[in-house]
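Peer 1: Quick one, what's the 3D model for this:
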Amino acid sequence: MTALPRLLVLTDRSQLPLGRSLFATMAACAEAGLTHVVLRELDEPLEHRAKLAELLAGLGLNVIAAHTPLPAAVGLHLPASASSNTSFVGLLALSERPDRPTNSVLHLGRSCHSSTEVARAAEEGFDFAMLSPYALTESKPGYGPPLGPGAFGDLPLPTYALGGITPDNAAEAVAAGAHGVAVMGAVMRAEEPAEVVRDLLAAIGTTAATS
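Peer 2: As a prediction, this is how the structure comes out:
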C-alpha cells in the first residue's frame with residue numbers, strides 16, 4: 001500500500017474566517033504542499049459533498065470522505081462508533097465505483113479515543129486511526145482530558161494525533177510515536193492557512209516516524 005501522508009487536514013467551514021470559502025482555503029493548503037484532506041461538512045446534502053470532493057480532487061488533493069463514501073474520494077474515515085460491517089461496506093462502495101482509477105489506493109480509517117480502540121481498529125482491518133484529543137482543543141471540546149504524547153507509543157497501526165495540534169506541538173506528537181498529525185482548527189481558523197500548513201510540514205518533516 002502507498003504510504004500514508006504525515007499530515008491530514010480535516011475540513012470544517014464553520015470555523016473559517018468571515019468571507020473565506022472552503023475551496024479557497026483548501027486551494028491555498030494544496031499550494032503549500034498538503035496532499036490529503038478529510039472532507040467532513042456532514043451537515044451538507046450528500047450531492048453537495050460529492051461535488052465538493054470533486055472540486056478538491058481537482059486541486060490535486062487526495063480526498064478521504066468522512067462517514068460516507070464519495071465518488072471522488074480515495075478513502076473513508078469512520079467515527080469510533082462505526083461497526084466493522086459498516087467499514088467494509090463503505091470500502092466496498094469505494095472500490096466498486098466505475099470511475100475509480102485502477103491504481104488508486106483506498107485508505108480506511110477510524111476515530112479512536114484510547115489505545116484500546118486503536119487496537120480494535122487494527123484487529124478489524126483498518127489502515128489508520130486518528131487518536132484524540134492530543135491536547136486541549138477548541139474544535140471538539142468534551143472528548144475527555146488530553147491524552148498527550150504518552151498515548152502514542154507502540155500502537156498497532158499508523159495513528160494520527162488529532163485535537164489541539166499546532167505547528168508548536170506537531171513534532172512532539174510524531175516523536176512520541178504518532179505516524180503523523182491530523183489538524184482541523186489550526187488550519188480552518190487561520191488567517192493564512194497556507195502558512196500553517198507549511199509550518200506543520202516543516203515540523204513533522206524533521207521528526208518523521210517510520211512505519
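Peer 1: Please compute how far stretch 144-157 lies from its chain's middle.
Peer 2: 17 Å (CA atoms, centre = their mean, to the nearest Å).
Peer 1: And for stretch 145-165?
Peer 2: Computed by CA atoms, centre = their mean, the chain-centroid distance of stretch 145-165 equals 13 Å.
Peer 1: May I see the buried residues of it?
Peer 2: Neighbour counts over stretch 145-165 (16 or more other CB atoms under 10 Å) mark 147, 149, 151-152, 155, 157-165 as buried. Where you see a C-beta, it was placed from the backbone N, CA and C, and this is true even at glycine.
Peer 1: Please work out which residues outside stretch 184-201 touch it.
Peer 2: Defining contact as CB atoms under 8 Å, 6 or more residues apart in numbering, one finds that stretch 184-201 is touched by 6-7, 9-13, 15-17, 25, 28-29, 31-34, 137-140, 162, 165-167, 170, 181, 183.
Peer 1: I'd assumed P156 was in contact with A119.
Peer 2: Yes - shown here, A119 and P156 form a contact pair, counting by CB atoms under 8 Å, at 5.6 Å.
Peer 1: show me the contacts for G150.
Peer 2: The contact partners of G150, by CB under 8 Å, 6+ apart, come to A176.
Peer 1: repeat that with 7 Å
Peer 2: By CB atoms under 7 Å, 6 or more residues apart in numbering, G150 lies in contact with nothing.
Peer 1: Next, give phi and psi for it.
Peer 2: phi -60, psi -20 (degrees, to the nearest 10).
Peer 1: Before we move on, what's the pLDDT of it?
Peer 2: G150 is assigned a predicted lDDT (pLDDT) of 96.
Peer 1: Could you measure from it over to V174?
Peer 2: For G150, the distance to V174 (CB to CB, to the nearest Å) stands at 14 Å.
Peer 1: One more: L131?
Peer 2: On the measure of CB to CB, L131 and V174 end up 13 Å apart.
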